[in-house]
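1. quick check, what structure comes out for this input:
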Amino acid sequence: MNKTLYGIPNCDTVKKARTWLADNGQQFDFHDFKKQGLERATVAAWLEQLDWEVLVNRKGTTWRKLSDERRAAVTSKADALELMLEHPSVIKRPVLAAAGRLSVGFSDAQYRQIFPSAP
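-> As a prediction, the model looks like this:
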């Protein structure tokens with residue numbers, strides 16, 4: 001099963017997810033979306049599976065630093081797509097793409113559900 005973990009390497013939650021995957025024998029590719037960027041098609045595909053409100057981290061620093069006008073303008077999937085391409089750090093991390101499904105965020109219980117055969 002091909003797995004890709006999207007995030008930024010200095011994010012604590014991404015670090016925990018990477019460690020969990022490695023410790024549980026899960027092969028995965030890491031995509032640093034700050035350095036490698038994100039393609040419109042990738043984010044659009046995420047938005048076909050997940051609500052934009054799940055993907056946009058409204059508690060994070062990047063969101064809080066946006067102007068009130070910019071935050072208020074994000075009211076739809078299309079608005080969220082443009083925001084995430086403009087400011088990838090606003091995406092809730094990590095995003096795990098595995099077996100055609102997406103998972104956002106990290107917890108041990110969440111990943112044990114995704115990978116039930118993990119030790």
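2. show me where this structure has its helices.
-> For the chain, helices defined by DSSP state H occupy the ranges 12-23, 40-49, 52-55, 61-65, 68-72, 77-86, 108-114.
3. redo the ones you listed as TSV? Include mean neighbour count.
-> Any C-beta I mention is one placed from the backbone N, CA and C, and that applies to glycine too. Shown next, in TSV, are those (neighbours: other CB atoms under 10 Å):
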stretch	mean neighbour count
helix 12-23	16
helix 40-49	15
helix 52-55	17
helix 61-65	13
helix 68-72	11
helix 77-86	17
helix 108-114	13
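4. for residue 95, find the nearest of those.
-> Nearest to residue 95, of all those, is helix 40-49, at 6.7 Å by CB to CB.
5. tilt between the closest one and helix 77-86?
-> For helix 40-49 against helix 77-86, the angle by axes from the mean of the first three to the mean of the last three CA atoms, to 10 degrees is 140 degrees.
6. hmm, residue 54 is touching residue 84, no?
-> No. Because the distance of 11.8 Å does not satisfy CB atoms under 8 Å, residue 54 is recorded as not touching residue 84.
7. got the contact list for the residue positioned nearest the centre of the chain?
-> In the chain, the residue lying closest to the centroid (CA atoms, centre = their mean) is residue 95, at 2.8 Å. Counting by CB atoms under 8 Å, 6 or more residues apart in numbering, residue 95 makes contact with 5, 6, 7, 46, 55, 102, 103, 104.
8. from residue 56, how far out is it?
-> Look at residue 95 and residue 56: by CB to CB, to the nearest Å, they are 12 Å apart.
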